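> no sequence on hand, only this structure:
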DNA sequence: GACCCGTGGGA
DNA sequence: TTCCCAAGGGT
């Protein structure tokens, strides 16, 4: 694939951007200042996985929490599965947490506890895709790698005024990024592109007037730079309904573990039935005097919207073993590591009058 | 390529 | 309220 820079301005894009980065880079817990030694590969990798589809603001606290509790990849590899999943609760995309653990254990078992230092070898690790492999190779190991994330897609489609819609435009975007990626400081260049995308070349109302790359940018010469990247039309989000079962016994509530794969896989949860396109009529998990609580719990996932009714009951008998659950003290439910959906349901259950 | 997979914040 | 968006990866 060949891509021709659209504006022959005589400006060296990477040199201009790196100079801007040296003066205006963001300070972040996982990042080293330009000109200082690179952070440990473990910290670069951990931050990159956390940042997948997740905001910088949300990752900051999680990164500090994880690195305090598990300072090295060996510490993380030795972590208890349930502890790690609970620590990840609230961050979403829980397959990342499962792969995080699998990756740490692979680094210890297959690489002597040291991260491999090439893009191809990194790419073979669980949870490490094209983006993360390139980012770690460039940022942690100083390799030249073509790093393309959502920020880079936006900056590059504007810089080159790429009209082709996503996702079909990805090969062209990658080729264009390759052209402007420098042979040295590729890690700083990648982070500079992300900082530019996060602070100036933003999705809406980009600050073109103060952009260091405006001289070489094709989109800024058009009526509406913000229309890049062009995206394919998306479909409507379907609606689903279901029931949640709140089962009390003494000072405790019954929690179960969700199946390892799939939605909210491997996480602690409240018992729930099927989620279907119409309100279900599921039988409760046990015969009891159930109360349907007033109100509902709504939660929006990537690809559907869920509305749940919470049913509450109190039992005397220990039914936890037969339901494959545990009795968790209600007073410490915040420590159970429940995904947000179940935390919402728990709040409704505990605040509903009896 | 299409689809699945969370969450919180901002416009 | 609704929609969009955020340092993607796996299947």
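That came through fine. These numbers were taken from a predicted model, which means no experiment stands behind them.

> quick one: residues contacting whichever residue of the stretch 51-200 of chain A sits closest to DNA strand B.
For the stretch 51-200 of chain A, the residue closest to DNA strand B is residue A:92, as judged by C-beta to the nearest atom of the strand, at 2.6 Å. C-beta: built from backbone N, CA, C; applies to glycine. For residue A:92, the contacting residues are A:53, A:54, A:339, A:340, by C-beta atoms under 8 Å, 6 or more residues apart in numbering.

> what about the first one, which SS state?
Same thing as residue A:53. Put simply, residue A:53 is coil when judged by DSSP: H, G, I helix; E, B strand; the rest coil.

> that one: how many residues sit nearby?
When neighbours are counted by other C-beta atoms under 10 Å, residue A:53 registers 10.

> contact partners for it?
A:92, A:93.

> and the pLDDT for it?
pLDDT recorded at residue A:53 is 97.

> ok, whichever helix in chain A runs longest near DNA strand C or not?
Scanning chain A for the helix with the most residues, using DSSP state H, yields helix A:95-111. Yes - counting by C-beta under 7 Å from any atom of the strand, DNA strand C is contacted by helix A:95-111 at A:95, A:99.

> which residue ranges form the helices in chain A?
Counting by DSSP H, the helices of chain A are A:13-24, A:41-50, A:56-69, A:73-77, A:81-88, A:95-111, A:119-123, A:130-139, A:150-159, A:170-180, A:186-199, A:340-351.

> tell me the pLDDT at the residue lying closest to residue A:45 once chain neighbours are set aside?
Once flanking residues are discounted, residue A:45 sits nearest to residue A:136: 5.3 Å by C-beta to C-beta, 6 or more residues apart in numbering. pLDDT recorded at residue A:136 is 98.

> from residue A:202, how far out is residue A:136?
Computed as C-beta to C-beta, to the nearest Å, the residue A:136 to residue A:202 distance reads 26 Å.

> isn't residue A:232 up against residue A:167?
Yes - counting by C-beta atoms under 8 Å, residue A:167 is a contact partner of residue A:232 at 7.3 Å.

> which one's more surrounded, those two?
Ranked by neighbour count (other C-beta under 10 Å), residue A:232 and residue A:167 place residue A:167 first, with 12 against 9.

> please give me every residue in contact with that one.
Contacts of residue A:167 (C-beta under 8 Å, 6+ apart): residue A:232.

> one more: residue A:320?
A:249, A:254, A:326, A:327.

> which of those sits closest to DNA strand C?
residue A:326 (27.4 Å).

> without its sequence neighbours, what residue ends up closest to the closest one?
Closest to residue A:326 by C-beta to C-beta, 6+ apart is residue A:255, at 5.5 Å.

> separation between residue A:342 and residue A:288?
20 Å.

> ok, the two, which is more surrounded?
residue A:342 (26 against 16).

> and the pLDDT at the more buried one?
For residue A:342, the predicted pLDDT is 97.

> show me what contacts it?
Taking C-beta under 8 Å, 6+ apart as the test, what residue A:342 contacts is A:244, A:268, A:269, A:270.

> DNA strand B: which of the residues you listed is nearest?
residue A:269 (10.0 Å).

> hang on, the earlier thing: I'd like the average pLDDT over the longest helix of chain A.
98.

> same question, stretch A:191-206
Per-residue scores along stretch A:191-206 average to 97.

> let me know whether that stretch sits next to DNA strand B.
Yes - contact between stretch A:191-206 and DNA strand B, assessed by C-beta under 7 Å from any atom of the strand, occurs at residue A:204.

> and that stretch with DNA strand C, contact?
Yes - Stretch A:191-206 is in contact with DNA strand C by C-beta under 7 Å from any atom of the strand, via A:191, A:194, A:195, A:197, A:198, A:203, A:204.

> ok, the residue nearest to residue A:318 when sequence neighbours are not counted to residue A:319 distance?
Once flanking residues are discounted, residue A:318 sits nearest to residue A:249: 7.1 Å by C-beta to C-beta, 6+ apart. Distance, residue A:249 to residue A:319, using C-beta to C-beta: 8 Å.

> compare residue A:136 and residue A:202 (neighbour count), which wins?
Taking neighbours as other C-beta under 10 Å, residue A:136 and residue A:202 compare with residue A:136 leading, 30 against 14.

> ok, the more buried one - contacts?
Counting by C-beta under 8 Å, 6+ apart, residue A:136 has contacts A:41, A:44, A:45, A:48, A:115, A:122, A:128.
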